[in-house]
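# Sequence plus the predicted model coming up.
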Amino acid sequence: MVHGFFGDTSASATYAGTAMTEVSNDLAAGARTFIWILVNPTSGANDVVISLGASSNIRGQALSYTGAKQSAQPDASVFTRSATVTTLTGTITTVADNCWAIVFAFQENGNDLTASTNVTSRRNTPAYIQSGDNNADITPAGNLSQTVTAASGDIRISQISIAPVLAAAENRGYAFIM
């Protein structure tokens, strides 16, 4: 997830020099939130490079998952924002059985976020971003609500679901999510 105070829609991301696919691009209250993914990336420690069309203040996090289906990702995506609440819940509706739901949350005022319902924290950048997942297969496919809390409002939640490998013959690669 990359979050920045910019209206520019021409942002892009690469991992190990390979272009990532933008799967979410949401604008609310003058700030834009992006999610990019890369299926079956190069293994090892590699650079993530984010390019913007204009100078901006940005923040970002990256996660990597194994066992992901190697095509038609993400399974689903949704964006939720509230300027007034301190606890925000986003609900994603998965299509495939056994997906995992990944959540990136951002708090506009720089307050720490806490993972709550159906969110296992995977990376927490104090004062701004919390990322995680539901830490289990969603079966049967359907709705999953994920909640984060902060000391003050203006919280954004971007969620995507990642479908698992369906057959033994399919490549068990990684999905790299930014």
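In hand now; what should we look at?

# Okay, buried residues for stretch 103-121 please.
By 16 or more other CB atoms under 10 Å, the buried positions in stretch 103-121 come out as 103-108, 111, 113-116, 118-119, 121. Quick note: C-beta positions are derived from backbone N, CA and C, even for glycine.

# And for stretch 148-163?
Neighbour-count burial for stretch 148-163 flags 148-150, 153-163 (criterion: 16+ other CB under 10 Å).

# Name the pair among the residues you listed with the greatest separation in space.
With distances taken as CB to CB, the most widely separated pair in those is G153 and A163, at 32.9 Å.

# quick revisit: Serialize the buried residues of stretch 148-163 to CSV and add fields for pLDDT.
CSV is the format used below for the buried residues of stretch 148-163 (pLDDT from 0 to 100):
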residue, pLDDT
V148, 89
T149, 87
A150, 85
G153, 77
D154, 81
I155, 85
R156, 84
I157, 87
S158, 88
Q159, 91
I160, 91
S161, 94
I162, 92
A163, 93
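
# now, among those residues, which is nearest to T66?
Of all those, I162 has the smallest distance to T66: 10.4 Å, by CB to CB.

# would you turn the buried residues of stretch 148-163 into TSV with secondary structure?
Output for those, formatted as TSV (DSSP: H, G, I helix; E, B strand; the rest coil):
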residue	secondary structure
V148	strand
T149	strand
A150	strand
G153	coil
D154	coil
I155	strand
R156	strand
I157	strand
S158	strand
Q159	strand
I160	strand
S161	strand
I162	strand
A163	coil
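
# and which of those residues is nearest R59?
Out of the buried residues of stretch 148-163, the member with the shortest distance to R59 (by CB to CB) is R156, at 11.6 Å.
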